[in-house]
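A.B. asks: Have a look at this prediction, sequence included:
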Amino acid sequence: MKKGLALLLTLAAGSAVAQEGRPVPYGKFLNLIGTAQRRVLVYVPYLNDPQMANALRAAVVDSGRRVRVVVLTVPFFAAKEDSLTNSLALTGAGVVEAQVASTTAYVLVDDNLFTSAQLGRAANVADLRVLPRTASNTFLTWFMGALGDGRTVTDYEAFLRIGGRLK
């Protein structure tokens, strides 16, 4: 019995490792954001993909789930008028600007870490991959450090950046 259980666990672990690094369809990724239960932590240099922004916005405003959504971005791109991070800041997502040298985007949905060079910039992401679970802890450590070095975008700044005018 113990040998059978050990063999089953070994096979299960082997199949789980084979799943890591696999491509993930973009629609499935967006659905995972839509069903997140705890957190969606995003590092994206430039967010101008409306599908991803809408999925994040829906996670923020769903009061039944109470999902924590935090977006880390680069100040140069966040200040652009067409950057969708500003509208996320207005809906209640935490948007933080920090000088980050990476051009690759990372998104942690609950405990699943995704990465892509095109994420946030293109509607059809071909290189989206899920990373091993061990990478999630490394990402969290890096993400929290970058948040500490960054600056939170206020509602007023976001409003002005998207062309809002006070009368």
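C.D. replies: Good, I have the coordinates. Numbering: from 1, shown residues only.
A.B. asks: How many neighbouring residues does Arg121 have?
C.D. replies: Other residues within reach of Arg121, judged by other Cβ atoms under 10 Å, total 18. Backbone N, C-alpha and C define where each C-beta goes, glycine included.
A.B. asks: Who are the contact partners of it?
C.D. replies: Applying Cβ atoms under 8 Å, 6 or more residues apart in numbering to Arg121 gives the contacts 46-49.
A.B. asks: What about these, which are in helices?
C.D. replies: Judged by DSSP state H, helices contain none of the contacts of Arg121.
A.B. asks: which of those tops the neighbour count?
C.D. replies: Top of the contacts of Arg121 by neighbour number is Leu47, holding 26 neighbours under the definition other Cβ under 10 Å.
A.B. asks: Let me see the confidence value for it.
C.D. replies: Looking at Leu47, its pLDDT is 91.
A.B. asks: next one: Tyr43
C.D. replies: As predicted, Tyr43 sits at a pLDDT of 95.
A.B. asks: And for it, the neighbour number?
C.D. replies: Per other Cβ under 10 Å, the neighbour tally for Tyr43 reads 26.
A.B. asks: same deal with Asn124?
C.D. replies: Neighbour number of Asn124 under other Cβ under 10 Å is 10.
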